[in-house]
Structures are given as structure tokens and as C-alpha cells.
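# Okay, structure incoming, though there's no sequence with it:
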């Protein structure tokens, strides 16, 4: 099967970089609002995926935004000796705020802005765009 030169040319060009940048800034602005329930937490927002590494293509230019919670940790003490496990339990307090709480607060905050366009999945939260760009209501 031969692929037309015009099709290869289309595929070789990035998607709408300006539109992707505007979408990122819009969603990032919503996520960073002072009224967000997690606003006092230690978190980072950054790009990931094709848009972040300039490899997004025409007609497939979703914007992958990561929200990383930096104030929660998980530990695996299974390979520590009993004495080391006891010391660990004595010296480290369990987190009072969980990743699941953070995720739920992000979903609720996005839903307050984007309504039914917010679709939580197992690994990601999808926000459907209205047309090309995600719009706030």
C-alpha cells in the first residue's frame, strides 16, 4: 500500500502548537487557582507526552498535563529486619493526606469548572474539549 506524499507531509507537521499551548495555560490556570481544595499542598504541574517533547502530530494533539503530589510518600519496609522496621515505625509518621484524596479533590475542582467534560479514568483524568480548546464555564 502506497501512502500519498501529501499525506506524509500532513503527518510530518506538528498539530496546533499555539492551540495546545493555550489549552495547557487554561487548564493549568484552573488547577492553580487559590480556591482549589489542594492549593495548600506541595504539588507540581508540568507537561508530559507528545506536546511536551514537540512530537505531537496533526489531528492528534492532545495535551498531557501531570499534577504530581510531592508531600505524600509510600514506603516498602518488607526487606528491613524486625529492628529496622520497629525503628521505621517509631521515626516516621504516616501521611495524613493520601494520593487518593488529592486525586478526588482534583477531579472535583476540574468538575466544578468543566462539568461533565471531566471523565476520570484509572490512570488519568480526561477533560473533553469543546471544539478544539477546553473551555471554562
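Structure received. Note that the structure is a prediction, hence the values are computed from the model and not measured.

# Buried ones in the helix or strand hosting residue 18, by neighbour count?
Assigned by DSSP states H and E, residue 18 belongs to helix 17-31. Under the neighbour-count criterion of 16 or more other C-beta atoms under 10 Å, helix 17-31 has 20, 23, 24, 26, 27, 30, 31 buried. Where C-beta positions appear, they are placed from N, C-alpha and C, glycine not excepted.

# Centre of the chain to stretch 33-52, how far?
Stretch 33-52 sits 7 Å away from the centroid of its parent chain (C-alpha atoms, centre = their mean, to the nearest Å).

# and what of stretch 86-93?
For stretch 86-93, the separation from the chain centroid amounts to 32 Å (computed by C-alpha atoms, centre = their mean).

# Let me see the mean pLDDT of it.
Averaged across stretch 86-93, the pLDDT comes to 92.

# if we can go back for a sec, what's the first helix or strand after the helix holding residue 18?
Assigned by DSSP H and E, the successor of helix 17-31 is strand 43-48.

# name the helices or strands packed onto that following strand?
Applying 3 or more C-beta pairs under 8 Å, 6 or more residues apart in numbering; DSSP states H and E, we find strand 43-48 packed against helix 17-31, strand 64-69.

# Apply 6 Å and report the result again.
Contact partners of strand 43-48 among helices and strands, from 3 or more C-beta pairs under 6 Å, 6 or more residues apart in numbering; DSSP states H and E: strand 64-69.

# The strand it packs on pairs with which strands, and in what direction?
If you go by DSSP bridges, strand 64-69 pairs up with strand 43-48 (antiparallel).

# who touches the partner strand?
Applying C-beta atoms under 6 Å, 6 or more residues apart in numbering, the contact partners of strand 43-48 are 28, 31, 64, 66, 67, 68, 69.

# Would you list the buried entries among these?
31, 67, 69.
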